[in-house]
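[1] What follows is a predicted protein model with its sequence.
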Amino acid sequence: MDAATLAFDRHRPRLKGIAYRMLGSVAEAEDVVQDTWLRWQEAAHDALESAEAWLVTVTTRIAIDRLRAAQAQRTQYVGTWLPEPIVSDGPATPEQLLGRAEDLSMAFLTVLERLTPEARAAFLLREVFDVDYDEIAQTLGKSEAACRQLVHRAKTQVRADDRPRSTVPRETHLRLLRGFAEAAEKGDLQRLKAMLTEDVAIIGDGGGKVPSFGRPVIGGQRVAQIYFAVARRFPGAVRIEVADVNGVPGLLRWVDGVLESVQSIEWDGERIARIHAQRNPDKLARVTTEFSR
């Protein structure tokens, strides 16, 4: 490979990480990176002070334009919109995570949906990817002062909307999840309820393609009954696997051999406090291909 291709490939994970966090879609992130690659091939490489800065700027600007269009479409979305999950069958590498795992959770990406495209870009570049304010200003075509204000307001909004989450050691997380998966497969109502907080919430995205919840379902009894009902409706046909979902252990639920949902789980330290359940078949297609067996 020539020097320009090597330079692009070196920065590809960072570019995809920016694009995915901006758009919440693996496919759209890959399209953004491909568009950046096409522009990179036409760029005057020798005239650039920093290949990385150029690539980050172009990727961010393309992602902002795509997010503006996507947000207009999402106003017509049926039910709750959740990101397309990134799933692996073990602890993910930094390349698979597209950056730091703590900034990739379904809950974090869902909160980012409340920000404007430029505020989201400024916040991510500064708080997740450690980009200096002068580079952010050049990327967004704004003053450094304006970018600082964007980041400050975004941080305030994210902190207000994003509930605190307990950091659970991975082995504890896996043990608890396996117990919950077993109870859900068997439809053990009392055990399920015991593993949920009283104010647990389950948030689902069916995209109008499959039945889902129009709004979050809240309460340990109600959420436990949802899992109980699935096990009773499909006796012996429910299989639940533990897998890494956006960097932390989560669940894949199969019904009659078909991937029914990818579930991102948050804990209060001992019990499940919130569940994001991605059920939209369009957003499960990639996971289905990779994990079907």
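    Done, it's in.

[2] from here on, contacts and neighbour counts on C-alpha atoms
    OK.

[3] Hmm, Leu140 and Arg61 touching each other?
    Yes. Arg61 is within contact range of Leu140, at 7.4 Å (criterion: CA atoms under 8 Å).

[4] Name the helix or strand for the spatially closest residue to Asp188 that is not a sequence neighbour, please.
    Distance criterion CA to CA, 6 or more residues apart in numbering; nearest residue to Asp188, sequence neighbours excluded, is Phe228 at 6.7 Å. Counting by DSSP states H and E, the element that carries Phe228 is helix 220-233.

[5] Can you list the buried residues in that helix?
    Residues of helix 220-233 classed as buried by neighbour count (16 or more other CA atoms under 10 Å): 220-225, 227-228, 230-232.

[6] Repeat that for stretch 256-275.
    Buried residues in stretch 256-275 (16+ other CA under 10 Å): 259-268, 271-275.

[7] Mind telling me the two of those farthest from one another?
    Leu259 and Asp268 (27.2 Å; CA to CA).

[8] what's the helix or strand hosting Ala119 in contact with?
    Ala119 belongs to helix 117-123 when assigned by DSSP H and E. The contact list for helix 117-123, computed with CA atoms under 8 Å, 6 or more residues apart in numbering, reads 22, 60, 64, 67-68, 112, 136, 140, 147, 150-151, 154-155.

[9] from the residues you listed, which would you call buried?
    22, 60, 64, 67, 112, 136, 140, 147, 150-151, 154-155.

[10] of all these, which comes closest to Gly236?
    The closest of the buried ones among the contacts of helix 117-123, once distances to Gly236 are taken by CA to CA, is Leu112, at 38.5 Å.

[11] pretty sure that closest one is touching Arg159, no?
    No. If you go by CA under 8 Å, Leu112 and Arg159 don't touch, sitting 10.6 Å apart.

[12] where does the stretch 101-250 of the chain dip in pLDDT?
    In the predicted model of the stretch 101-250 of the chain, residues 101-102, 161-166 satisfy pLDDT under 70.

[13] Which stretches in it count as strands?
    For the stretch 101-250 of the chain, applying DSSP state E, counting those that start in this stretch gives strands covering 196-205, 217-218, 238-245, 248-255.

[14] what are the pairing partners of the third one, and which direction each?
    Same thing as strand 238-245. strand 87-88 (antiparallel), strand 248-255 (antiparallel) (DSSP bridges).

[15] What lies in contact with the longest one?
    With CA under 8 Å, 6+ apart as the test, strand 248-255 has contacts from 91, 101, 105, 170, 173-174, 177, 181, 234, 237-245, 259-265.

[16] From the residues you listed, list just the buried residues.
    Applying 16+ other CA under 10 Å to the contacts of strand 248-255, the neighbour count classes 91, 101, 105, 173-174, 177, 181, 238-245, 259-265 as buried.
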